[in-house]
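**Q** let me see the structure of the following:
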Amino acid sequence: MDKNTITGIVIIFLIFFGFSIYNTSRLNKAFEKTVVVADSLYNKGDYEKAREEYMNAMRIKPNQANVVLKLNEINLKLGVTRNEPKIDSVAVKPVTQDSNTGKKELAKSDVKQLGPFSGATTGSNDFITLENNKLALKIALKGGKVYSARLKDYKTFDLKPLVLFNGDSTVFGFNFFTVDNKPIQTNNLYFKPLTEERNFLVSSQPQSVKLRLNADSGRYIEYTYTLAPDKYMVDFNVKFISLEKIVAANQSSVTLDWKMYIPQQEKGRKNEETYTTIQYKYFQDEVAGLRIRSTKPEQKDIPTKLSWIAFQDQFFSSVIITNDFFLNGSVSSSGNIGSEKYIRYYTSEVGVPFNVNSSNTFGMKMYYGPNNFNILKKEGLQLERLVFLGKNIIGWINRYVIILIFHWLEKYITSYGLIILILTILIKVVLFPLTFKSYQSQAKMQVLKPLVDELGKKFPKKEDAMKKQQATMDLYKRAGVNPMGGCLPMLLQMPILYAMFRFFPVSIELRQEHFLWATDLSTYDSILHLPFLIPIYGDHVSLFTLLMTASTLLTMKMTGSSPGSDQPGMKMMMYMMPVMFMLILNNFSAGLTYYYFLANMLTYLQNIASKRFINADAVLAKLEENKKKPLKKSKWQQRLEEAAKQRGINPPKR
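**A** Numbers count the residues shown, from 1 in each chain. Prediction:
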C-alpha cells in the first residue's frame, strides 16, 4: 500500500463522513421544522391541518414514534378509522367517553361481535397496585393486564423512576374464537376485581390479586397475580371456567398476545440498542433469540414448544414463563423505530393448551427485573442466559472465571474502579508465566534489529526478498530467537480481551457506578460534548478511550520489531487499527475502555521488566559462537528436502 493509495482512502473517508453529517443535519432540520408547525396546529385545535403536517413529517423520517402517537391521538379525536401508520400492529379503535360515569365504551358495532362477552365491553378505567420492596405493579381492570412495572431499586440515566413499560400501548391478553366465529380479545375487555381493595403491599407474606372477565350464565376467565416479598417474579394463573359452549369445539389452544414498547433507560443509547432483543427458551432445550445488534425489522416463527419468552434491554427484562409449556410461538421486532423515548417495539404470540370440554387452569410466571446473573440463575430455567456473555470459550471464561472473581472482589471492595484494577492485575499475573518467554523473545529481537537492518542493506533489491527473509530466519535461529514468539502474548490474551468486551457492557453491577471522571462505568465517559455528530465516533470525547488508544500505540511501538513490521504498508495498518478501535469504542462502556487501558499499561510494564533479564552481550556472543557451527536443520525441514530430492529438486545451499 503506497502513499497515494493511503491518501486516496483518507480523502474518500473524509468525503463520506462530511456528506453523512450534512445530509443528516439537513433531514433533521426539515423534520423538526415540520413537527414544530404540526405541534402548533395541534395545540390550537386545528386537528385536520395538524394531521397533514404530521404526515409530511413522516415522509421525511418514517416510523418516528412520537409522530405516530400524535397521529393516533388525532385519529381518535376525529373518529378517523383510516389505515394510518401505527407504532404497534393492533388497530386503535374509536371510543366514546361518558363524562358522567368516567367509563369508556366500544363502538356499538364491536359490541355486537362479542356475543357472551358483550357485558364486558364497558367498565371502570381503574387500577390495582401490587407491590413489595423491589417491584411495584399497576394492574389495569381493562384487559386485566399489568399496565406498568416499576423497579424500586433502580433509576433511569436521568434519575427518573425506572419503569419497564407503561401505558395503553402495551398489549397483553388471550385471543380466541367463539362457537359462532366471533373474535374475542381479552386485552380490550373489562375485568372485575373480587375485592374492593385497590392497594396490596407485600411485606412478610405473599399476596394475591384476583380479577374476572365475566361471560353470561356464570362462565368466566379468572386472572390471579401473586407477589412474594423480596422477589421480582410474579405468579400468574389463568382459569377458563365453563367455556365449553362459548369456545369453538375444534379449538385446542388459545393465543396469548403480548406486545410492548421498550423504553430507553440508559445514557448510551447506541450501546443499549446493541443488547436490546427478544430471547426465548425451547422446551427442555437451549436458549435462542433474535439477532443482537440488528436494527432491521425481524420476525421468527417457532413451531415447537417453548418454556419462556423475554423482551429485554441492556440491563432489564420482562419475561413470561410457563409452568408447563407453550405449544408454539411467533416473535417480531420492529427494528429501529426512530423514537427518542423508545428503542424497540416487540410482539409475540404463543399457543396456550386449551381443552374445551373441561375447566382449564394454566400456570405462568412473570419476571420483571434486572439482568443480574446471580438473581436470574437462582430462578432457574437458564434465565441467566439473558445476560449475554458470549458463546463457546468466551462465555465459559465469563461464567466460570470472570464473574466468580468479580463477585468475590465485590464482597470486600466498594469501588468498582478498584475492582477492575485488581481484576486486571490478577489476569496479568496468571498469564505472566506463559508470556514471560515471549516477552524475552521480543527483547532479543530488539537486540538483533541492527543486524537485521544490515541484511536489508545487503539485499536491497525486490527480487532478493526471499534471500533476505531466509538470511533473517537463519540469524534468529543461530541466536536462539523464535521470531513468532512475540505473537504468543496476543494469542493468549485474545480470549480474555474478548471476554471482557462481552462482560463489561452487560454487567449491571457497573450501572451508575462512579469512578474518577466517569459518572457511569456501564456507559461512555465524556469529558467534552461536541456541537456536531461524527459518524461512528459520536458527539462526545471519551477520555478512557483516548487513554486506551494512546497506551495501545505505546505498547505497539515497543513490540514493533516483529518480522514485516518495518514495511511502510504494514506499519500504516498497525497504527490505523488503534485509531479505528478509538472510533468504535468511544460509545462503549467506560469500564471496558478503562480495563483495556490498564491491560495495555501492565503489558508495557511487563515488557520493560522482561527486558531487564536480557543480556545483549550474551545474545550476540551466542550468535557469534553458533555461526561457527553448522546450522542444524529441523526434522520438518529435513523431510521437505528429502521429498524434494525424490522429485529431483536440489535444495538451496546455505
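**Q** mean pLDDT per helix and strand in the chain: which one sits at the bottom?
**A** Sorting the helices and strands of the chain by mean pLDDT, DSSP states H and E puts strand 96-98 at the bottom, at a mean of 36.
**Q** quick one: the helices in the stretch 451-600 of the chain?
**A** According to DSSP state H, counting those that start in this stretch, the stretch 451-600 of the chain carries its helices in the segments 465-478, 488-503, 543-558, 568-585, 590-611.
**Q** and Phe31, which of those helices is closest to it?
**A** Closest approach to Phe31 among the helices of the stretch 451-600 of the chain (Cβ to Cβ): helix 568-585, 26.4 Å. The C-beta positions use only the backbone N, C-alpha and C, and glycine is treated the same way.
**Q** what mean pLDDT does that closest one get?
**A** The average pLDDT within helix 568-585 is 74.
**Q** do stretch 430-442 as well
**A** 71.
**Q** and if you look at stretch 533-541?
**A** pLDDT averaged over stretch 533-541 gives 83.
**Q** for that stretch, buried residues please.
**A** Tyr537, Gly538, His540, Val541 (16 or more other Cβ atoms under 10 Å).
**Q** out of the helices of the stretch 451-600 of the chain, which is closest to Ile309?
**A** Distance to Ile309, taken as Cβ to Cβ, is lowest for helix 488-503 among the helices of the stretch 451-600 of the chain, at 23.0 Å.
**Q** ok so, going back, reformat the helices of the stretch 451-600 of the chain as CSV; add distance to Val35 and mean neighbour count.
**A** Shown next, in CSV, are the helices of the stretch 451-600 of the chain (distance: least, Cβ to Cβ, whole Å; neighbours: other Cβ atoms under 10 Å):
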stretch, distance to Val35, mean neighbour count
helix 465-478, 63, 16
helix 488-503, 38, 18
helix 543-558, 34, 19
helix 568-585, 31, 15
helix 590-611, 34, 21
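**Q** which stretch in those helices has the least confidence?
**A** Mean pLDDT per stretch puts helix 465-478 lowest among these, at a mean of 68.
**Q** could you list the domains of the chain?
**A** Here the domain assignment for the chain is 3-78, 96-388, 400-614, based on automatic domain parsing.
**Q** what is the distance between the longest one and the centre of its chain?
**A** Between the centre of domain 96-388 and the centre of its chain there are 22 Å (Cα atoms, centre = their mean, to the nearest Å).
**Q** switch the domains of the chain over to TSV; also include distance to Ile394.
**A** Shown next, in TSV, are these (distance: least, Cβ to Cβ, whole Å):
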stretch	distance to Ile394
domain 3-78	31
domain 96-388	10
domain 400-614	5
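**Q** neighbouring strands - and their directions - for the strand or helix carrying Tyr223?
**A** Following DSSP states H and E, one finds Tyr223 within strand 220-227. Strands that pair with strand 220-227, judged by DSSP bridges, come out as strand 207-214 (antiparallel), strand 233-241 (antiparallel).
**Q** with distance to Ile419 and mean neighbour count as extra columns, can I get the ones you listed in TSV?
**A** Formatted as TSV, these follow (distance: least, Cβ to Cβ, whole Å; neighbours: other Cβ under 10 Å):
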stretch	distance to Ile419	mean neighbour count
strand 207-214	38	19
strand 233-241	29	19
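**Q** Lys29 is nearest to which of the ones you listed?
**A** Nearest to Lys29, of all the strands paired with strand 220-227, is strand 233-241, at 46.0 Å by Cβ to Cβ.
**Q** so which residues make contact with the closest one?
**A** 130, 135, 137, 146, 174, 218-227, 247, 254, 352, 354, 359-369, 379 (Cβ atoms under 8 Å, 6 or more residues apart in numbering).
**Q** what's the answer for stretch 295-303, then?
**A** Here stretch 295-303 has contacts from 273, 278, 280, 282, 290-291, 328-336, using Cβ under 8 Å, 6+ apart.
**Q** buried ones in it, by neighbour count?
**A** When neighbours are counted by 16+ other Cβ under 10 Å, the buried residues of stretch 295-303 are found to be Lys300, Ile302.
**Q** gap between the two ends of that stretch?
**A** In stretch 295-303, first residue to last residue: 25 Å (Cα to Cα, to the nearest Å).
**Q** next: stretch 330-337.
**A** 20 Å.
**Q** likewise stretch 208-226?
**A** Note: stretch 208-226 ends 4 Å apart using Cα to Cα.
**Q** so for Gln493, which of the strands paired with strand 220-227 sits nearest?
**A** strand 233-241 (39.2 Å).
**Q** how close does the most centrally placed residue in the chain get to Leu389?
**A** With distances taken as Cα atoms, centre = their mean, Tyr275 lies nearest the centre of the chain, 0.9 Å away. Applying Cβ to Cβ, to the nearest Å, one obtains 11 Å for the distance of Tyr275 from Leu389.
**Q** same question for Met582.
**A** 25 Å.
**Q** just Glu244 next, same as before
**A** 48 Å.
**Q** ok, now Met576?
**A** 30 Å.
**Q** do the same with Ser589
**A** 14 Å.
**Q** more neighbours: the two, which one.
**A** Ser589 (29 against 20; other Cβ atoms under 10 Å).
**Q** show me what contacts that one?
**A** So Ser589 contacts Gly268, Asn271, Phe504, Pro505, Leu510, Leu521, Ser522, Thr523, Tyr524 (Cβ under 8 Å, 6+ apart).
**Q** how does it look with 10 Å?
**A** 268, 271, 314, 500-501, 503-507, 510-511, 518, 520-525, 544, 595 (Cβ atoms under 10 Å, 6 or more residues apart in numbering).
**Q** same check on Ile394?
**A** Neighbour list for Ile394: Met494, Pro495, Ile496, Leu497, Tyr498, Ala499, Met500, Phe501, Arg502, Phe503 [criterion: Cβ under 10 Å, 6+ apart].
**Q** and Lys245, by the same measure?
**A** Contacts for Lys245 (Cβ under 10 Å, 6+ apart) come out as Pro116, Thr178, Val179, Ala215, Asp216, Ser217, Arg219, Val356.
**Q** from those residues, which is closest to Trp308?
**A** For the contacts of Lys245, the closest approach to Trp308 (Cβ to Cβ) belongs to Val356, at 25.9 Å.
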